[in-house]
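*Asks:* could you look at this predicted model? Sequence included:
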Amino acid sequence: MLRGALKTVGSRSQCGVEQLISALRGVSSSSQQLSGSGRTHASSCTDGDPPKILITGGLGQLGVGLASLLRRRFGKNNVILSDIRKPPNHIYHSGPFIFSDILDSKNLRELIVNNNISWLVHYSAVLSAVGENNVALAKEVNITGLHNILDIATEHGLRVFVPSTIGAFGPSSPRDPTPDLCVQRPRTIYGVSKVHAELMGEYYHYRYGLDFRCLRYPGIISADSQPGGGTTDYAVQIFHAAVKSGHFECNLRSDTQLPMMYIDDCVRATLEFLEAPADTLVSRTYNINAMSFTPQDLTQEIQKVLPDLRVTYNVDPVRQAIADGWPMALEDSAARRDWGWKHEYDLPELVQTMLTHITPGNQVAQAN
Ligand SMILES: NC(=O)c1ccc[n+]([C@@H]2O[C@H](COP(=O)([O-])OP(=O)(O)OC[C@H]3O[C@@H](n4cnc5c(N)ncnc54)[C@H](O)[C@@H]3O)[C@@H](O)[C@H]2O)c1
Ligand SMILES: C[C@@H](O)[C@H](N)C(=O)O
């Protein structure tokens, strides 16, 4: 039966996944139809052992920061970074790194089996602004890639974390604040693919018992890694320009308010959510919020430290249209209630911390 199921899965059919799960669990397919309760199957790690974690798309803005926190928590060799790009030397030498293209499901499956992976953090993606410039690539990476991840995670009983975003909402969503559950009609391929990921993950959870976990991140701000082509990138770039030249040209209007978060809060939220006992999670997808600000607010806060900073505006119509349809703040009381989410950085702490990291003698380590 197992051989038959494997053969079917090789053809990537939904039915194949179902058969394989049955074969691996030794249950009849009728007994595992529509679990309803969404009870997760398969242990995420062997009793007492730390999880073995694979991070896809790990060389982007967020992967290295998350890997560093997870390695401190679970041990260096239990966290493997992967990407399709070659890592800089300091990342290559900081812990296990491996090539993995999420569009190559055979390679991905081998990696998971050979390394006994139990948790999968799926960071590969094409972000909002880049996605609008290359819809075909965004569809491939964000939708086909996601399908590969969910199928393989289901086959091998993994705990899988897929981040969503403020970009999963659109102009018809309530914007200030945006609740967990509301109308989601995004107008970018990035947003559409992230709503798809949320729904597919939840479907696999209820249908197959997949331990799917998803947080909707705000725009993330980091000092030692560069953003990958999103609408919120200005909020990272302004710090480097402020320190380097004292002038920043902003591609969003001065009054564009968006939810943002410092990277340390983002990766800590991800770890805490990954570790939360399944029975505390009322939902599989949660908003998390920290602060909201406009380019003007951010400029004024930076000017408290660097009064000579000059910001001019050259609005990019594509990014502005995207931002105008996104939340101004996220409502995240469910995350705070169910698994204890609490942010630590508001705007003043963010600015102090970023400027401390980005000093002239300590220019951004190009993590990515
Ligand atoms: N950074 C943010 O502000 C933010 C906010 C909300 C959600 N997110 C989500 O968090 C995740 C990580 O974001 P990020 O900012 O690090 O993204 P990023 O754009 O900086 O990095 C994405 C990585 O994916 C890799 N990638 C692309 N195609 C791939 C493929 N076929 N196979 C394997 N890897 C591939 C790229 O090489 C890149 O290193 C994404 O899913 C993103 O949607 C990010
Ligand atoms: C918000 C987030 O998903 C990403 N930084 C983007 O702007 O596309």
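*Replies:* Received it, and whenever you're ready, just let me know what you need. Ligands and ions are numbered 1, 2, ... in the order given.
*Asks:* in the stretch 51-200 of the chain, what residue is nearest ligand 1?
*Replies:* Residue nearest to ligand 1 within the stretch 51-200 of the chain (Cβ to the nearest ligand atom): G60, separated by 1.9 Å. C-beta: built from backbone N, CA, C; applies to glycine.
*Asks:* what residues does the stretch 1-150 of the chain put near ligand 2?
*Replies:* L127, S128 (Cβ under 6 Å from any ligand atom).
*Asks:* now the closest residue to ligand 2 within the stretch 1-150 of the chain, nearest residue through space, not along the chain?
*Replies:* Ligand 2 sits closest to S128 of the stretch 1-150 of the chain, with a gap of 3.2 Å, by Cβ to the nearest ligand atom. Leaving out its chain neighbours, the residue that sits closest to S128 by Cβ to Cβ, 6 or more residues apart in numbering is Y190, at 4.2 Å.
*Asks:* buried residues, the helix or strand where the one you found lies. List them.
*Replies:* Element membership of Y190, judged by DSSP states H and E, is helix 189-208. Within helix 189-208, the residues scored as buried using 16 or more other Cβ atoms under 10 Å are 189-198, 200-202, 204-208.
*Asks:* show me what that helix is packed against.
*Replies:* Helices and strands touching helix 189-208, by 3 or more Cβ pairs under 8 Å, 6 or more residues apart in numbering; DSSP states H and E, are helix 14-25, helix 128-133, helix 135-139, helix 145-155, strand 164-165, strand 211-217, strand 285-287.
*Asks:* re the thing from before, number of nearby residues for the residue of the stretch 51-200 of the chain closest to ligand 1?
*Replies:* 22 (other Cβ atoms under 10 Å).
*Asks:* excluding its backbone neighbours, what's nearest it?
*Replies:* Spatial nearest neighbour of G60, excluding adjacent residues (Cβ to Cβ, 6+ apart): G228 at 4.9 Å.
*Asks:* where's the one you found relative to S222, distance?
*Replies:* Distance of G228 to S222, computed by Cβ to Cβ, to the nearest Å: 11 Å.
*Asks:* of the two, which one has the most company?
*Replies:* It is S222, of G228 and S222, that has more neighbours when counted by other Cβ under 10 Å, with 24 against 19.
*Asks:* residues in contact with that one?
*Replies:* By Cβ atoms under 8 Å, 6 or more residues apart in numbering, the contact set of S222 is Q61, L62, G65, V236, Y262, I263.
*Asks:* make CSV out of those residues and add neighbour count, distance to T178 and pLDDT.
*Replies:* Listed next are these as CSV, based on neighbours: other Cβ atoms under 10 Å; distance: Cβ to Cβ, whole Å; pLDDT from 0 to 100:
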residue, neighbour count, distance to T178, pLDDT
Q61, 25, 22, 98
L62, 27, 21, 98
G65, 21, 25, 98
V236, 23, 22, 98
Y262, 25, 20, 98
I263, 24, 21, 98
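*Asks:* what about the residue nearest to G60, which SS state?
*Replies:* The local conformation at G228, judged by DSSP: H, G, I helix; E, B strand; the rest coil, is coil.
*Asks:* now do the residue in the stretch 101-250 of the chain that ligand 1 sits nearest to, the pLDDT please.
*Replies:* Using Cβ to the nearest ligand atom, the closest approach of the stretch 101-250 of the chain to ligand 1 is made by G228 at 2.2 Å. What the model reports as pLDDT for G228 is 95.
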